[in-house]
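Asker: Sharing a model prediction with you, sequence too.
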Amino acid sequence: MFSHLHILDADQFSREDLETVLSSTDRIAQLLKENKTFGLLDGKILASLFFESSTRTRLSFETAMNRLGGRVVTTVGFQFSSISKGETLYDTMKMIEAYADIAVIRHPVEGSSRIAAAAVNIPVINAGDGIGQHPTQALLDLYTIFKEKGAIEGLRIGFVGDLKFGRTIHSLIKMLRHYNVEIVLISPVDLALPESYRKELRRENVKFEETEDLKALWDCDVGYITRIQEERFADRSEFERLKDSYNVNRAFLLASRKPTTILHPLPRVAELSTDVDDMPTAAYFHQAGYGVVIRMALLMLCLGQPIP
C-alpha cells in the first residue's frame, strides 16, 4: 500500500514503500512491453515545472505521462514564468493547481518542493531542489541496482566524486539505510559527505568507510560515479582545483577485483571515460532508461490509480 500524496524527499520512504515502488515499476515495465500502458492516465494533466536545467529527468517525466495517455503542460526556466516578474512560488503553485492534476518541480533552492506542496492539494513530486534531494533519481538508482545485480541486500556500494553537493547521492544513501549494505565513500576531503548524513548512517548502524583512494572501488559490487558540479561552487578556483580529482576508465576497471557495476546519474564530464561505455558492467545508460518506467509507476501511485 502506497499512502504518499507527495514525493518530496528520501526520508518519507519506509522499506515497505520502497518494495512497493520496485514491484510497481516491474509491473509497469511488463505492461509497457505489452503496449498496455496507454490510457491508464487518460484525462490527467501533468504540470512539468523545471526552473533549473534538466534533460533526463524532465524528458523522462514527460515521456512517462505521455506513455500513460495523459497530457503535459510545461514551463522551463524562470524567464518563461511569472516568477521572473516577482510572483512567489506559492502563488505560482496555486495557479498550477487550477490547471493540472499533478506537478513535478525542479528548483535551485533547497526546500522549494515543500513550499510547492504546502500550497496545493494535488500531488507534487520533487525533481531536485538545489543541493537538497532528488528522490525520484534515488528510486530509479535503487531499481537499477536491483535489476542489474538481482538483489540489493549484501552489496558493497561505492560512491565516487562530489559527495558534498551531490543530491542524488544524498537521497540514495538515505534509502539504502533500509537494506543490509556496506557503503564506501570516495571523495576529496573538501567534497566529503556532509556530517548530517554520516550521523544518520551511524544511527542506523549502516557500515561505511571513507577514503580518497579511488582503488577502493575495486572491492565494490556497484560504483556510483558523479561529476564535480561546477554550478555548485561559489569560488571557481575551488572548482578548477577539484574538477579532475577522479577518472574512471576502462583500464582502471579491468584491474578491479570484482565485476563492479558502474552507475552514473549523468551528465558526465571527465570523471567517467567513454571507453567504459561498451563494457558489460557499464549500466548508466540502462539506468537512464529506467527513469521512464520508474516515473510511470510514481505517477500512478501518487494519483492513486490502480496498476492492472
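Answerer: Thanks, I have it. Residues are numbered from 1 along each chain as shown.
Asker: Sketch out the low-pLDDT regions of this protein for me.
Answerer: Applying pLDDT under 70 to the chain flags residues 77-87, 229-240, 242-243.
Asker: all strands of it, in order?
Answerer: In order along the chain, the chain carries the following strands (DSSP state E): 45-50, 71-76, 102-107, 124-129, 156-160, 182-186, 207-211, 222-225, 261-263.
Asker: Same list (those) but as JSON lines, adding mean neighbour count.
Answerer: C-beta: built from backbone N, CA, C; applies to glycine. Below are these laid out as JSON lines (neighbours: other CB atoms under 10 Å):
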{"stretch": "strand 45-50", "mean neighbour count": "23"}
{"stretch": "strand 71-76", "mean neighbour count": "15"}
{"stretch": "strand 102-107", "mean neighbour count": "26"}
{"stretch": "strand 124-129", "mean neighbour count": "26"}
{"stretch": "strand 156-160", "mean neighbour count": "24"}
{"stretch": "strand 182-186", "mean neighbour count": "22"}
{"stretch": "strand 207-211", "mean neighbour count": "14"}
{"stretch": "strand 222-225", "mean neighbour count": "27"}
{"stretch": "strand 261-263", "mean neighbour count": "25"}
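Asker: now these as CSV including distance to residue 143?
Answerer: Formatted as CSV, the strands of the chain follow (distance: least, CB to CB, whole Å):
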stretch, distance to residue 143
strand 45-50, 20
strand 71-76, 23
strand 102-107, 18
strand 124-129, 16
strand 156-160, 14
strand 182-186, 18
strand 207-211, 22
strand 222-225, 13
strand 261-263, 11
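Asker: how far away is the most centrally placed residue in the chain from residue 268?
Answerer: Taking CA atoms, centre = their mean, the centroid of the chain lies closest to residue 137, which sits 1.4 Å from it. Per CB to CB, to the nearest Å, residue 137 is found 15 Å from residue 268.
Asker: and what of residue 184?
Answerer: 20 Å.
Asker: Also residue 188?
Answerer: The gap separating residue 188 from residue 268 is 18 Å, by CB to CB.
Asker: And residue 199, by the same measure?
Answerer: 30 Å.
Asker: between the two, which one's more packed in?
Answerer: Set residue 199 next to residue 268 and count neighbours by other CB atoms under 10 Å: residue 268 wins out with 16 against 10.
Asker: contacting residues around the more buried one?
Answerer: Contact analysis of residue 268 by CB atoms under 8 Å, 6 or more residues apart in numbering lists 225, 227, 284.
Asker: leaving aside the residues next to it on the chain, what's closest to the residue nearest to the centre of the chain?
Answerer: Sequence neighbours aside, residue 168 is the residue nearest to residue 137 in space, at 4.7 Å (criterion: CB to CB, 6 or more residues apart in numbering).
Asker: Do me a favour and get the end-to-end distance for stretch 259-277?
Answerer: Taking CA to CA, to the nearest Å as the measure, stretch 259-277 stretches 15 Å from start to finish.
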